[in-house]
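>>> task: produce atomic coordinates for the following.
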Amino acid sequence: MPSAHGSIADRVATLRERVDAVALDAGREAGSVAILAVTKTQPRDLVVEAIGAGIRDVGENYVQDARSKYVALPPCTKHFVGHVQTNKAKAIVEVFDVVQSVDRLTAGIALANAARAASKAVRVLVQINISPTERFGTAPQDAPALADALRELGLTVDGVMAIGPLEGDVGAAFSVARKTFERVGGSTLSLGMSGDWESAVRAGSTMIRLGTAIFGPRAPKEVLAG
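Residues are numbered from 1 along each chain as shown. Take a look at the predicted model:
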């Protein structure tokens, strides 16, 4: 990963170069992989700094943290990447443009109702489970049916999100994610975090979710989310 030293702008520039190099090596075009900055535990001024450095997508795990942090940000797309609690659907819709973690119909119903009440269009991704240690995500074989049901609710399903396994055959898991994405449809395969983004890009990811590579190491007590 880029050095923890130097400015956020330096890290973003270095990271962009590395991502493009891996994409080109995989026979893909430079610029074909978006970088989502996971802003968990980061203060608002650093989020603004990252956007100023060229980041166009930011993501948070907890809606309560984003409510103050994401108010009146410079132009960017705000992604919810945490588990969707149905009682938080209204707040999620108010704050975010994309919900990456819809893994069950009840969450989709809550989001669709909230979006309708707010007269706001919200894009969603179907979260699939490709890791034996991951708690959330629908089974890959069930993702197309869930996507169809979400579309019937009026939600725009724009692809798939997955969290890779911590060990084992990462390539095989990412292949499952790519094939599921092809069946679900949309433009976004959100796959790859700090430890595995290069494999994800080679597997076809169109968006990687990174925190430490952009902002530097988090406090030791925090669990890495990207």
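
>>> which secondary structure elements does the longest helix that the chain contains contact?
In the chain, assigned by DSSP state H, the helix with the most residues is helix 8-25. If contacts are counted by 3 or more Cβ pairs under 8 Å, 6 or more residues apart in numbering; DSSP states H and E, helix 8-25 sits against strand 34-38, helix 44-52, helix 197-203, helix 212-215. Yep, even glycine has a C-beta here, placed from its N, CA and C like the rest.

>>> any residues touching the third one, and which ones?
With contact meaning Cβ atoms under 8 Å, 6 or more residues apart in numbering, helix 197-203 is reached by 19, 22-23, 25-26, 28, 33, 164, 170-171, 174-175, 177-178, 191-192, 205, 208, 210.

>>> the residues you listed, buried ones only, as a PyMOL selection?
Command for PyMOL that selects the buried part of these, burial taken from 16 or more other Cβ atoms under 10 Å:
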select buried, resi 19+22+23+28+33+164+170+174+177+178+191+192+205+208+210
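
>>> phi and psi next, for residue 61.
In terms of degrees, to the nearest 10, the main-chain angles of residue 61 are phi -90, psi -30.

>>> how many residues are close by it?
Look at residue 61: counted by other Cβ atoms under 10 Å, it has 18 neighbours.

>>> report the contact partners of it.
By Cβ under 8 Å, 6+ apart, residue 61 lies in contact with 38, 40, 81, 82, 225.

>>> re earlier: and the contacts of the longest helix of the chain?
Contacts of helix 8-25 (Cβ under 8 Å, 6+ apart): 1-3, 29-33, 35, 46, 49-50, 52-55, 197-198, 201-202, 208, 210, 213-216.
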